[in-house]
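Peer 1: coords please:
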Amino acid sequence: MPNDVGTIGAEELRHILSHFGELMDTNEVDEYIAEADIKCPDLKANGDKTGNINYVAFVGVMLDLTEDEIMAAGLAQAPRL
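Peer 2: Predicted coordinates for the structure are as follows:
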């Protein structure tokens, strides 16, 4: 489950994608997590990755939205302090 700041760890996301709903195989899960790490990482104020994934932006990736659509929908996360 996403934490209180809207992020989720890769291993927790891996578990959810492979055990709930429409189950994904290992290759599909790996592809989504790799894409999430590129398109929707959780960022610190200095731009460094925290190691977590911005959950709301990840939903945009799952819905196959473009980066522009993710931004227009307000799903992109501003860096945290």
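
Peer 1: so where's this structure uncertain?
Peer 2: 1-4, 75-81 (pLDDT under 70).

Peer 1: That one: strands as residue ranges?
Peer 2: Per DSSP state E, the chain carries strands over the ranges 7-9, 41-43, 49-54.

Peer 1: Next one: the residue sitting nearest the centre point of the chain from residue 9, what distance?
Peer 2: For the chain, the residue nearest the mean C-alpha position is residue 58 (3.3 Å; C-alpha atoms, centre = their mean). Residue 58 sits at a distance of 12 Å from residue 9 (criterion: C-beta to C-beta, to the nearest Å). From N, CA and C alone the C-beta is placed, and that goes for glycine too.

Peer 1: quick revisit: CSV for the strands of the chain, including mean neighbour count and distance to residue 17?
Peer 2: CSV is the format used below for the strands of the chain (neighbours: other C-beta atoms under 10 Å; distance: least, C-beta to C-beta, whole Å):
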stretch, mean neighbour count, distance to residue 17
strand 7-9, 19, 11
strand 41-43, 19, 17
strand 49-54, 19, 11
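
Peer 1: Surely residue 17 and residue 32 touch.
Peer 2: Yes - counting by C-beta atoms under 8 Å, residue 17 does reach residue 32; the two are 6.4 Å apart.

Peer 1: where do the contact lists of the two overlap?
Peer 2: Residues touching both residue 17 and residue 32 (C-beta atoms under 8 Å, 6 or more residues apart in numbering) are residue 24.

Peer 1: Next up, the contacts around the closest residue to residue 28 other than its chain neighbours.
Peer 2: What sits nearest to residue 28 in space, not counting adjacent residues and going by C-beta to C-beta, 6 or more residues apart in numbering, is residue 17, at 7.6 Å. Applying C-beta under 8 Å, 6+ apart, we find residue 17 in contact with 24, 28, 29, 32, 33.

Peer 1: Okay, helices next: where are they in this protein?
Peer 2: 10-19, 26-39, 55-62, 67-72 (DSSP state H).
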